[in-house]
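Asks: Would you be able to build a 3D model of this:
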Amino acid sequence: QVQLVESGGGLVQAGGSLRLSCAASGHTFSTYNMAWFRQAPEKERESVASIAPNNTFTWYADSVKERFTISRDNTKNTVALQMTSLKPEDTAVYYCAAEKVYATSVYYTEQHFFSSWGQGTQVTVSS
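Replies: Purely as a prediction, here's the structure:
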């Protein structure tokens with residue numbers, strides 16, 4: 001497993017932007033599928049975006065397509081989530097997750113596949 005630490009959350013007005021970052025420990029980051037999830041108050045945690053180890057394949061939830069971008073830097077062991085055109089319904093705690101995979105193009109979208117999780121960072125979008 002890897003240790004994950006998220007940063008970059010905060011309070012932003014609707015229509016604004018935020019960039020979340022997740023730093024991972026370890027020497028094999030390039031073999032991990034990385035993803036972002038979020039959990040709003042009184043709701044279940046949901047998938048937001050996922051990126052394969054080789055940076056080629058990405059997936060987005062319909063609710064964030066065209067607004068959010070997931071990216072990774074395998075030289076720095078980081079994954080980012082650039083969020084634009086934020087809406088009040090994007091308010092949630094955002095979690096970074098990682099899972100080691102054995103093919104560089106593999107990525108998962110469901111949380112039960114991921115064994116490493118960060119502590120979460122709060123994103124609040126005001127109307």
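Asks: Isn't residue 119 up against residue 9?
Replies: No: the criterion here is Cβ atoms under 8 Å, and residue 119 misses it with residue 9 at 11.0 Å. All C-beta spots, glycine's among them, are computed from the backbone N, C-alpha and C.
Asks: So for those two, which residue has more residues nearby?
Replies: More crowded of residue 119 and residue 9, by other Cβ atoms under 10 Å: residue 9, with 18 against 10.
Asks: Pretty sure that one sits against residue 121.
Replies: Yes: counting by Cβ under 8 Å, residue 9 touches residue 121, with 3.4 Å between them.
Asks: so what's in contact with the two at the same time?
Replies: 20, 94 (Cβ atoms under 8 Å, 6 or more residues apart in numbering).
Asks: gap between the nearest residue to residue 15 once chain neighbours are set aside and residue 64?
Replies: Nearest residue to residue 15, sequence neighbours excluded (Cβ to Cβ, 6 or more residues apart in numbering): residue 85, at 6.2 Å. Distance of residue 85 to residue 64, computed by Cβ to Cβ, to the nearest Å: 10 Å.
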